[in-house]
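Chemist: generate a structure from the sequence data that follows.
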Amino acid sequence: MRARSVSGAPGPPGPPGPLAALAALSLLLCARAAMDECVDEQRRAQRCMPEFVNAAFNVTVVATNTCGSPPEEYCVQTGATGVTKSCHICDARDARNHHSAADLTDYNNQQDTTWWQSQTMLAGVQYPSAINLTLHLGMNS
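Modeler: Here you go, the predicted model:
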């Protein structure tokens, strides 16, 4: 039923009743469930939009090379037209200046940026020529 103004003319509709809200919520949940279903009734893959989950969050990463033990300088090379560098100290003993492999999967925080850093190759270090980062997601093949 529409509300009536003091003059007796119909006013704007009132808030939806509890049944209308329940129906809308039910419809929303059904649509979301349908988007999360990645297989059909015959278990065949189909288009879906599952909820995003960061499977790597806080998972252990093993690096074959990381800076900071002993403390050492590393330089970031930047510049599109000419190479410029900005040098810093990596120290595994200092929480503000270490860049361990654990930083690859930690929480992304713009106020406290973290990253993994290998030992510097600037000084002509030839070994190792490859660095492996291993991330175990708990899946068995």
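
Chemist: any idea of the pLDDT on A101?
Modeler: Here the pLDDT value assigned to A101 is 93.

Chemist: kindly report the same for A31.
Modeler: 48.

Chemist: now do R2
Modeler: 44.

Chemist: tell me the domain boundaries of the protein?
Modeler: 17-51, 53-141 (automatic domain parsing).

Chemist: same list (the ones you listed) but as CSV, adding mean neighbour count.
Modeler: The C-beta positions use only the backbone N, C-alpha and C, and glycine is treated the same way. Output for the domains of the chain, formatted as CSV (neighbours: other Cβ atoms under 10 Å):
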stretch, mean neighbour count
domain 17-51, 10
domain 53-141, 12
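
Chemist: where among the ones you listed is average confidence lowest?
Modeler: Minimum mean pLDDT among the domains of the chain: domain 17-51, a mean of 68.

Chemist: the helices in this structure, which residues?
Modeler: 18-36 (DSSP state H).

Chemist: where do the strands sit along the protein?
Modeler: Using DSSP state E, the strands of the chain run over 61-63, 72-78, 84-90, 133-135.

Chemist: nearest to C38, out of these?
Modeler: Nearest of those to C38, taken as Cβ to Cβ: strand 133-135 at 23.0 Å.

Chemist: helices or strands up against that closest one?
Modeler: If contacts are counted by 3 or more Cβ pairs under 8 Å, 6 or more residues apart in numbering; DSSP states H and E, strand 133-135 sits against strand 61-63.
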